[in-house]
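Enquirer: Here is the input, now give the coordinates:
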Amino acid sequence: MTLLALFGAVKNLLLFRNKNSRDVKNGLLVFSRLLGVMLVMFSILSTAKQFFGEPITCQASHGAIKPNLFTAYCFMNGTSTQMKKDRYEKIYNHEAHIGITAHVNDQEYSYISHTYYQWIPFIFFLQGIAFYLPYRMWKHNVGTKINKLLAKISDDPLTTTPIQDQVEDLAKFLTEKPLYFGKLAKLLFGVNFLALFQSVVQMYLLDIVFDGQYFGLGCNFYTIKNFWWEYRIILEEMFPMVVSCEMPYISTSGSVNVESGQCTMNMNILNQKLFVVSWILHMTFIAFAILNILWNLFLLITPILRYLMLRYYRAGNVRAQVLTRVHQFGSYGQYELLSILAKNMEQEHFDELLTVMAEQSFVRKQMDAESCSSSRSSFDFTSRLHPNFGGRKVQSHENLLPLSIVDSCAETATLDVRMRRVPVLPHGDAESPKF
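Expert: Residues are numbered from 1 along each chain as shown. Next comes the predicted model:
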């Protein structure tokens, strides 16, 4: 079986979007998805016997147990090595291999048990699923909504429908519901944080599986100054090539004997490289995720930054007045939604969408101002009939207006119910206001 046939099962995972899907990903989710696919490929590669042979091959010292039985027992029960605590040479005279010695001094050597290798494919596979999950969660919740929002926008350059007509309904919807994407923006924060959290948890779990050696795996690689064999010793402490194994058995005389032997760990030649790459990818992803979350928090608390991002990276051809009006009535959730829409629309469609949104925002503001003014002027007369009017207890007319009117007129200056509207004149005018 060739490598192409081996990895043919994951080719669909590499397709970011099909013909009918929308692009809803961000940089962190792309990284998370690619890392998940790579770890699934590591899982498949670690089971490829045609390239690296059997995972373990053992030989008993005295031949009392058949090799197949001894190999199966060592694969299931685990193996061991004895590593010198302070190593200054690659292999000492009394060592056959790194970790295989004839004379063991407890003060000089440490006993290391290896019981992980049968779980390596499952470890990589579960890691890949964990990294792929945040992307799927986000796409499942957002992809359908983006498809519905863009249903009337045509990708056909030969369409006869004017661009303004295509984007008019979408612009009206976004203008009337600026908080529509608020919950999904919170979900985006949650998905990004989930990707960061599960990456950190994975490293801690791997460190537990490998007896506290995983955290230092990559750090030791960057601190080596002398020879390559120094790092090979570090690798073989975690992934040894040759290991020892012991199997108790009952002899023909009825006594319990112990058969010892040595095993070669064929797959560790691959595991050494895969886990070094895995460590580097984990650390890179954690650093990138932290920067991504901090950047989104900065966008959340800094509206001017959202305006600049729209101005210079999304809609550079739109007039500044249009972007200012859209930004004035927008929110962080709407910014995220506009960013996703910009990736799924032609530039001229997106520019027209912002222009129509600005026009509708201005019209809506004018209508709110007129309705607010008429409501207050009509209420000045009716408020005189209120039983609290007349000196006993005076209430401002905001307390008497319906809540819908109060909300729409929140930015309009309030007047006492006993006063008429007084024009505000520039400082220094000779004419005084007449009551």
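Enquirer: so where's the stretch 151-300 of the chain shaky on pLDDT?
Expert: 220-230 (pLDDT under 70).
Enquirer: what are the phi and psi values for Val242?
Expert: phi -130, psi 130 (degrees, to the nearest 10).
Enquirer: What is the burial count for the closest residue to it other than its chain neighbours?
Expert: Sequence neighbours aside, His97 is the residue nearest to Val242 in space, at 4.1 Å (criterion: C-beta to C-beta, 6 or more residues apart in numbering). Yep, even glycine has a C-beta here, placed from its N, CA and C like the rest. By other C-beta atoms under 10 Å, the residues close to His97 number 16.
Enquirer: Can you give me the distance of His97 to Ile234?
Expert: 15 Å (C-beta to C-beta, to the nearest Å).
Enquirer: Now do the residue nearest to Val242, the pLDDT please.
Expert: As predicted, His97 sits at a pLDDT of 72.
Enquirer: Okay, and the beta partners of it?
Expert: Ile100 (DSSP bridges).
Enquirer: from here on, count from 29
Expert: Right, with 29 as the first residue, what we last looked at is His125.
Enquirer: pretty sure it contacts Met269?
Expert: Yes. At 6.7 Å, His125 and Met269 qualify as touching, with contact defined as C-beta atoms under 8 Å.
Enquirer: mind listing the helices for the stretch 29-178 of the chain?
Expert: 31-34, 55-73, 77-80, 95-105, 148-177 (DSSP state H, counting those that start in this stretch).
Enquirer: try the stretch 229-378 of the chain
Expert: Counting by DSSP H, counting those that start in this stretch, the helices of the stretch 229-378 of the chain are 243-251, 256-266, 296-329, 331-337, 348-356, 360-371, 375-410.
Enquirer: closest one to Leu186 among those?
Expert: helix 375-410 (14.4 Å; C-beta to C-beta).
Enquirer: what mean pLDDT does that closest one have?
Expert: 71.
Enquirer: and the gap between the spatially most central residue of the chain and Ala348?
Expert: Central residue of the chain (C-alpha atoms, centre = their mean): Asn220, 3.5 Å from the mean position. According to C-beta to C-beta, Asn220 and Ala348 sit 31 Å apart.
Enquirer: pretty sure Thr143 is touching Phe103, no?
Expert: No. With contact defined as C-beta under 8 Å, Thr143 does not count as touching Phe103 (10.2 Å).
Enquirer: Compare the two (neighbour count), which wins?
Expert: A side-by-side neighbour count of Thr143 and Phe103, using other C-beta under 10 Å, places Phe103 first with 19 against 13.
Enquirer: who are the neighbours in contact with Met146?
Expert: For the record, residue 146 is Gln, not Met. Each residue near Gln146 by C-beta atoms under 8 Å, 6 or more residues apart in numbering is listed here: Pro83, Phe103, Met104.
Enquirer: need those residues in TSV with distance to Leu212 and pLDDT, can you?
Expert: As requested, these are exported to TSV (distance: C-beta to C-beta, whole Å; pLDDT from 0 to 100):
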residue	distance to Leu212	pLDDT
Pro83	45	85
Phe103	48	89
Met104	48	89
